[in-house]
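Trainee: here is my input; please provide its structure:
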Amino acid sequence: MNLSRPLLAPLKYVFRIWLKLRRLLPKEKCRTFGTPDPKGWRRIEKVYVINLDRQRNRWAEMERELRHVVDVSGLELANLTERFSAVDARHIAEMPPYDADVDPFYTLEDQLFVEPQPRALPDRLQLERPIPMTLPEIAVALSHIGVWRRIAKGEQDYGLVLEDDVWFQHGFARYIEQVWRELMPHDQRKDPFDILYLSYKEVKHGAQKNLLSENVFRPVRGLWYLSGYVLSRGGAMKILRRLPCRGPVDLWMNHQFQTLSVRATRRPIIAQRLDGESTNSYSILPVLNGIGVIDSERASLFQIRPTERPVFAFGPENSGLSSLAMALSMLGYRCCSDLRELPECEYRNLLSGSADRIFDAYVNIGSLAEKARELSQLYPCAKFIATTSQGAAVNDISMDSIGDMTASVAVLHSDEANKWRILCEHLKCAPPVCSFPKITDHGQRRVLDVRPDSDRVGAKKTPKRDRSPWVIESCRGWKGIHTAPANRAQTSGEAYVTIKDSIEDPSDPELWSLRDDTFTGNLGLFRPLNVVFRAGGGAALNVRKESLGVRDYSAASICSCSRYLFGRFEVVIQPTNVPGVVTGFFLHRDSPRQEIDIEIAGNRPDRLLANVFYNPGDEGARYDYGYRGAPTQVELGFDASRSAHSFAIEWERSEIRWLVDGRLVHSRVNWDPTPIPHLPMTLNVNTWPSSSKELAGRLNVRLLPTTTVVESIAVNATLLKAGSSQARGLHACDTVGQ
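Mentor: Reported below is the predicted structural model:
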């Protein structure tokens, strides 16, 4: 936020008073700093402060700041600190040429990778036009590179790197110790990270990230500043091998996240000072001003709906229409695709120009193919896309109907090398990080009437759902889209399998893996020892109260070692009834996250929670938004914890069904309220203590340990063989989701 001078002056005064008062408090003791102890506890052994020779006043302030924290032996951090003489921009006479350390030119495309600006995207020339770094930006980059070389050649495992305009947040020592415990592996010979961000500013409305523990996340992109971070010696060597630095150093670091082990504290614990003026100048600001973008003041890509809408796309068979529909979904569009006709209510609203439409993108809809001109008149701002198959001309029917609206039409050839560029320039949005999806065209599917579930058990309740382009809010009269089942040919990478397992052989590595990780929201750590196989078949999954470092409870989880794509999955299980403990039977994947759940909370064992998480993309796309999904509570009419019952998920391309003891209790079709997950997933059974009182109530520790009994698991589904195109990506046992 830009502060006016009248407001900034008193703020600086208050900040200075706060720093003086804070120094009256007892010094914070932090055992994360100092020399390693005999047991091998590795610590941050060196602090480097980057400081200009002509700004000794800042160095004096940093020395006072570093005396506020002491290491495990009682020494102030100032005793571990080395001042690093920063490169002065005034000593750089002119723009230096490209060298092994710094490439002084970058592009707007590099900037938009870190912070997408959905409301404005320049044309092709502007996107690729070189932007020269300012001399201060070059000096800052060279200063950090100098420190990296110092760490790489040193003997210390970890160094803390600080710029000279920072201060430690109150409680810094306590917080970084907790972070260190969560990061440090049991095997101290392993490096848990290359770089750990302690000070940063996220892009507007949040960086793209994956939570790893209560206080640590792995950023995918979207972190500004590089003013306070811990760097390992190995990490310094890796970064130096990635040189030259292309553009401002904090921007360039975001481009290295995929090749480095990067971690960040859940909240910044080192802050920028408010009582000094920045000596830096930013080369990107004139460019952003020139295209009407205010730096860091716009919503991020998935927090707002796209501005260029509606979108209509037409083309011949096998011209990439299904891939285009998925790409539009990845850009945040709510996209309806590959249908002979729209549901009646949506068709009526669309052709009447009503704002009560469910969707804002329509791809390969047969009933709209001859109405492009009418749609362009109803929606003057609409965007049209024509797809063509490899080597073919633009589809004559779609282009004739679109007529002379050349400014609103983009042509996307199936063999185009850079589809994201053409699509995103047409729609004025920034491209995602991942590659353009490659999906076999579905063709136009026939829409069926959504049948009523006359055999449902009990009443339903809809808890709060995530706000997302891929979750439809409650809409009167909307029942989703039910399509006729497709005749899906089996590929060489697939095999239909039937498994009926009474969980008798715990050593069989072909079927199951016992997890030893955890996830956000789980108060426990999954431990293989908490799965006890019973004589005669079945397994007991236990939750216990025990301190395990990162967690104070232990839990149990069984995960399939294979991934499945559509089928029937059934478990015979007796869940626990301890409040705060959740029993789950579900299908799950990451990148993108998709999930189909059955959950029974210990405080309400007479109720089943059916849930779906959907994020768009092809294999490897890093879409993991949403923490509630789209849950529905179903009253069972009995207490499931009293005896074992059968719970099943039937997952098809166009429908998901949840069954209890053979009876249908809930079903969903496409867009009711989410699309149907379309990528292979692992099968999981678990029990765990939840941090959410809303989900499972307050954890009743006095009733622990508690047990969930799994009698058998049955699978009738398509198995994705290892090495097939759809099976590539994360191994089943590497997933870290719920």
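
Trainee: name the SS class of the closest residue to Asp441 other than its chain neighbours, please.
Mentor: In space, and not counting its chain neighbours, Asp441 is closest to Ser322: 4.7 Å by CB to CB, 6 or more residues apart in numbering. The way it works is simple: take the backbone N, C-alpha and C, and place the C-beta from them, glycine included. Under DSSP: H, G, I helix; E, B strand; the rest coil, the three-state class of Ser322 is helix.

Trainee: Ala236 too?
Mentor: Following three-state DSSP, Ala236 is assigned to helix.

Trainee: list the contacts of the residue nearest the centre of the chain.
Mentor: Note on the chain: the residue nearest the mean C-alpha position is Asp624, at 3.7 Å, using CA atoms, centre = their mean. Applying CB atoms under 8 Å, 6 or more residues apart in numbering to Asp624 gives the contacts Asn210, Asp590, Ser591, Pro592, Arg593, Asn615.

Trainee: check Leu659 too.
Mentor: Contacts for Leu659 (CB under 8 Å, 6+ apart) come out as Ser646, Phe647, Ala648, Ile649, Glu650, Val665.

Trainee: and the second one, how many neighbours does it have?
Mentor: Pointing back at Phe647 there. 23 (other CB atoms under 10 Å).

Trainee: need the pLDDT of it.
Mentor: At Phe647, the model reports a pLDDT of 98.

Trainee: I figured it was touching Ile598, is that so?
Mentor: Yes - if you go by CB atoms under 8 Å, Phe647 and Ile598 touch, sitting 5.2 Å apart.

Trainee: what touches both of those two?
Mentor: Shared contacts of Phe647 and Ile598, defined by CB under 8 Å, 6+ apart, comprise Phe585, Leu608, Trp658.

Trainee: going by neighbour count, which of those residues comes out on top?
Mentor: Ranking those using other CB under 10 Å puts Leu608 first, with 27 neighbours.

Trainee: surely it touches Thr632?
Mentor: No - assessed by CB under 8 Å, Leu608 is found out of contact with Thr632, at 9.0 Å.

Trainee: so which of the shared contacts of Phe647 and Ile598 are in helices?
Mentor: Using DSSP state H, the subset of these located in helices is empty.

Trainee: Thr518 and Val166, how far apart?
Mentor: Thr518 is 32 Å from Val166, where distance means CB to CB, to the nearest Å.

Trainee: these two: which has the busier surroundings?
Mentor: The neighbour comparison of Thr518 against Val166 (other CB under 10 Å) goes to Thr518, with 25 against 21.

Trainee: which residue, other than its chain neighbours, is closest to that one?
Mentor: Closest residue in space to Thr518, ignoring its immediate chain neighbours: Leu525 at 4.8 Å, by CB to CB, 6+ apart.

Trainee: part of a strand, is that neighbour?
Mentor: Yes - the assignment for Leu525 by three-state DSSP puts it in a strand.

Trainee: so it bridges to which residues?
Mentor: Ser554 (DSSP bridges).

Trainee: model confidence for it, exactly?
Mentor: Leu525 is given a pLDDT of 86.

Trainee: quick one: residues contacting it.
Mentor: Asp516, Asp517, Thr518, Leu548, Val550, Arg551, Tyr553, Ser554, Ala555.

Trainee: and the strands in the stretch 251-400 of the chain, which stretches?
Mentor: Ranges of strands in the stretch 251-400 of the chain, per DSSP state E, counting those that start in this stretch, are 262-265, 270-272, 311-314, 335-339, 361-365, 383-388.

Trainee: hmm, Leu699 is touching Trp688, no?
Mentor: No - counting by CB under 8 Å, Leu699 does not reach Trp688; the two are 10.6 Å apart.

Trainee: so which of the contacts of Asp624 is the most crowded?
Mentor: Highest neighbour count within the contacts of Asp624, by other CB under 10 Å: Asn615, with 26 neighbours.

Trainee: now do the contacts for that residue.
Mentor: With CB under 8 Å, 6+ apart, Asn615 has these contacts: Trp470, Pro592, Arg593, Gln594, Ala621, Tyr623, Asp624, Tyr625, Gly626.

Trainee: wait, a helix at the residue nearest to the centre of the chain?
Mentor: No - assigned with three-state DSSP, Asp624 falls outside any helix and is coil.

Trainee: any idea how far it is from Arg589?
Mentor: 10 Å.

Trainee: so which of the contacts of Asn615 comes closest to Pro579?
Mentor: Closest approach to Pro579 among the contacts of Asn615 (CB to CB): Gly626, at 25.5 Å.

Trainee: how many neighbours does that closest one have?
Mentor: A count of neighbours around Gly626, defined by other CB under 10 Å, yields 20.

Trainee: what do you get for Glu214?
Mentor: Residues near Glu214, counting by other CB under 10 Å: 17.

Trainee: that one is in what secondary structure piece?
Mentor: Element membership of Glu214, judged by DSSP states H and E, is empty: it is in no helix or strand.

Trainee: the strands in the stretch 1-150 of the chain, which residues?
Mentor: Assigned by DSSP E, counting those that start in this stretch, the strands in the stretch 1-150 of the chain fall at 28-29, 44-51, 69-70, 81-85, 102-103, 105-107, 130-132.

Trainee: wait, which of those is closest to Ala361?
Mentor: Nearest to Ala361, of the strands of the stretch 1-150 of the chain and by CB to CB, is strand 105-107 at 28.3 Å.

Trainee: on that earlier part again, between Leu699 and Trp688, which one's more packed in?
Mentor: Ranked by neighbour count (other CB under 10 Å), Leu699 and Trp688 place Trp688 first, with 30 against 23.

Trainee: related to what we said a few turns ago, please report phi then psi for the residue nearest to the centre of the chain.
Mentor: Per-residue torsions, Asp624: phi -140, psi 40 (degrees, to the nearest 10).

Trainee: out of the shared contacts of Phe647 and Ile598, list just those in strands.
Mentor: In this view, those that belong to strands under DSSP state E are Phe585, Leu608, Trp658.

Trainee: with these in mind, which one is nearest to Glu317?
Mentor: Closest to Glu317 out of those is Trp658 (34.9 Å), distances taken as CB to CB.

Trainee: just to check, that closest one is in contact with Val634?
Mentor: Yes - between Trp658 and Val634 there is a contact under CB under 8 Å: 7.4 Å.

Trainee: now the common contact residues for these two.
Mentor: The overlap between the contact sets of Trp658 and Val634 (CB under 8 Å, 6+ apart) consists of Leu608, Ala610, Val665, His666.

Trainee: separation between the third one and Ile573?
Mentor: This points to Val665. 15 Å.

Trainee: assign the closest residue to Pro673 other than its chain neighbours to helix, strand or coil.
Mentor: Distances taken as CB to CB, 6+ apart place Ile472 nearest to Pro673, at 4.2 Å, with adjacent residues excluded. At Ile472, secondary structure determined by three-state DSSP is coil.

Trainee: so Ile472 versus Pro36, what's the distance?
Mentor: Using CB to CB, one gets 55 Å for the distance from Ile472 to Pro36.

Trainee: so which of the two has more stuff around it?
Mentor: A count of neighbours by other CB under 10 Å puts Ile472 above the other of Ile472 and Pro36, at 19 against 13.

Trainee: go through the longest strand anywhere in the chain and flag the buried ones.
Mentor: Secondary structure of the chain per DSSP E: the longest strand is strand 706-720. In terms of neighbour count (16 or more other CB atoms under 10 Å), strand 706-720 has its buried residues at 706-715, 717-720.

Trainee: make TSV out of those and add pLDDT and distance to Ile195.
Mentor: What follows is the buried residues of strand 706-720, written out as TSV (pLDDT from 0 to 100; distance: CB to CB, whole Å):
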residue	pLDDT	distance to Ile195
Thr706	98	41
Thr707	97	42
Thr708	97	40
Val709	96	45
Val710	96	41
Glu711	94	47
Ser712	94	47
Ile713	95	41
Ala714	95	46
Val715	95	42
Ala717	95	41
Thr718	93	41
Leu719	90	39
Leu720	81	35
